[in-house]
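# I would like to see how this sequence folds:
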Amino acid sequence: MNFTRIEYFLAAAKFLNFTKAANVLYISQPSLSKQIALLEDELDLPLFDRSSRALQLTPAGKQLCNEFSRLMPEIDSITEKVKRMKETQKESLFLGCVESIYLGEAAAKAIRGFSAKSKNVETFIERHGFEMLHSKIIDESLDAAFTISSQIGKMKDIDYVPIEERRRYYIISAEHRLASRDKIEIEDLRGETFVLHSRSNFDHLAGDVIGACEEAGFTPKVIYAPNTDTILDYIELTGCIGFFDKSIIETRLGRLKYISTEMEIKFDLICIWKNTNKNPALRKFLKCLPA
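Take a look at the predicted model:
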């Protein structure tokens, strides 16, 4: 399977018309049909239903289209990064941040300071869930990343420095019935719905609260969302309760509110890197982090 074949498939899936897709791709319709057929042979699955007059995607075709569509922007981003590296002949530094954490001034100051001092380094920044972030640090497609200290136990071959202390809060809609409170008690959560990250990266932020609810004689409903933006949508639009550092509301000021929990959890925002990473730009960046 190659990128050209994927591009041809996505065009055919978009237009559901091989002739129109071929025209957009500036190739002949037979060439497009052949590449689609080769892709179907490779997968041993039909991707298009050709039995009716109107071309349709099969269930496998729809799934493949969804997955490729999700991946292509990242592939395009990687390609663009490599092209820029060739054009500028600069050193490169690849930074990451876990998606549910607002960087804050200390981390931002370190990045700005590094950028100002290192004009010969091209800096790239991206956000991911923890597992992806960790994987990219290990394979060195990221040089350094900002995440939270509670995940340190899962890491191997990783060094880190603390950046600043954070703590957990309830995050609720500004329209929520509890929004006028300065503090939420466990009994106040009876009948409420919690929204958590589906990849379980941050479920520890809610585990003790769920346990306290059960001890109080009720079990809150829990729903799971695939990413932080979806969690914040649930909180803002459906009245669910989330658990984050208060900085998360910076993205939706006036629409979300943070309230202290009875059971305080503190953790650090940290910067991590693989201890065998030899990128000289990383060494320069580490000197800009708080001592």
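
# contacts for stretch 24-31?
By C-beta atoms under 8 Å, 6 or more residues apart in numbering, the surrounding residues in contact with stretch 24-31 are Glu7, Tyr8, Ala11, Phe15, Phe18, Thr19, Ala22, Leu32. Backbone N, C-alpha and C define where each C-beta goes, glycine included.

# Could you verify that Asn23 is part of a helix?
Yes - counting by DSSP: H, G, I helix; E, B strand; the rest coil, Asn23 is found in a helix.

# returning to what we had before: can you list the contacts of stretch 24-31 in TSV and add distance to Glu214?
TSV is the format used below for the contacts of stretch 24-31 (distance: C-beta to C-beta, whole Å):
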residue	distance to Glu214
Glu7	51
Tyr8	54
Ala11	52
Phe15	53
Phe18	57
Thr19	61
Ala22	60
Leu32	58
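
# which of those lies closest to Ala110?
Glu7 (38.7 Å; C-beta to C-beta).

# element containing the closest one?
Mapping Glu7 onto the secondary structure by DSSP states H and E places it in helix 3-15.

# Please work out which residues outside that helix touch it.
By C-beta under 8 Å, 6+ apart, helix 3-15 touches 18, 21, 24-25, 27, 32, 35-36, 38-39, 47-48, 55, 57, 61, 64-65, 68-69, 72, 75.

# at 7 Å instead, please
18, 21, 24-25, 32, 35-36, 38-39, 47, 57, 61, 65, 68-69 (C-beta atoms under 7 Å, 6 or more residues apart in numbering).

# Quick check: bridge partners of the spatially most central residue of the chain?
Nearest to the geometric centre of the chain sits His128, at 3.2 Å (C-alpha atoms, centre = their mean). Taking DSSP bridges as the rule, His128 bridges to Val98.

# Give the full set of residues in contact with it.
Gly96, Glu99, Lys136.

# Same check on Ser141?
Neighbours of Ser141 in contact, by C-beta under 7 Å, 6+ apart: Phe94.

# Please flag which of the contacts of helix 3-15 sit within helices.
Members of these lying in helices (criterion: DSSP state H): 18, 21, 24-25, 32, 35-36, 38-39, 61, 65, 68-69.

# In JSON lines, list these along with distance to Thr251, neighbour count and pLDDT.
Converted to JSON lines, those look like this (distance: C-beta to C-beta, whole Å; neighbours: other C-beta atoms under 10 Å; pLDDT from 0 to 100):
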{"residue": "Phe18", "distance to Thr251": "42", "neighbour count": "19", "pLDDT": "91"}
{"residue": "Ala21", "distance to Thr251": "38", "neighbour count": "23", "pLDDT": "90"}
{"residue": "Val24", "distance to Thr251": "36", "neighbour count": "14", "pLDDT": "86"}
{"residue": "Leu25", "distance to Thr251": "38", "neighbour count": "17", "pLDDT": "86"}
{"residue": "Leu32", "distance to Thr251": "42", "neighbour count": "21", "pLDDT": "89"}
{"residue": "Gln35", "distance to Thr251": "42", "neighbour count": "21", "pLDDT": "89"}
{"residue": "Ile36", "distance to Thr251": "41", "neighbour count": "21", "pLDDT": "91"}
{"residue": "Leu38", "distance to Thr251": "44", "neighbour count": "14", "pLDDT": "90"}
{"residue": "Leu39", "distance to Thr251": "39", "neighbour count": "20", "pLDDT": "90"}
{"residue": "Gly61", "distance to Thr251": "35", "neighbour count": "22", "pLDDT": "90"}
{"residue": "Cys65", "distance to Thr251": "30", "neighbour count": "17", "pLDDT": "89"}
{"residue": "Phe68", "distance to Thr251": "29", "neighbour count": "16", "pLDDT": "85"}
{"residue": "Ser69", "distance to Thr251": "25", "neighbour count": "12", "pLDDT": "83"}
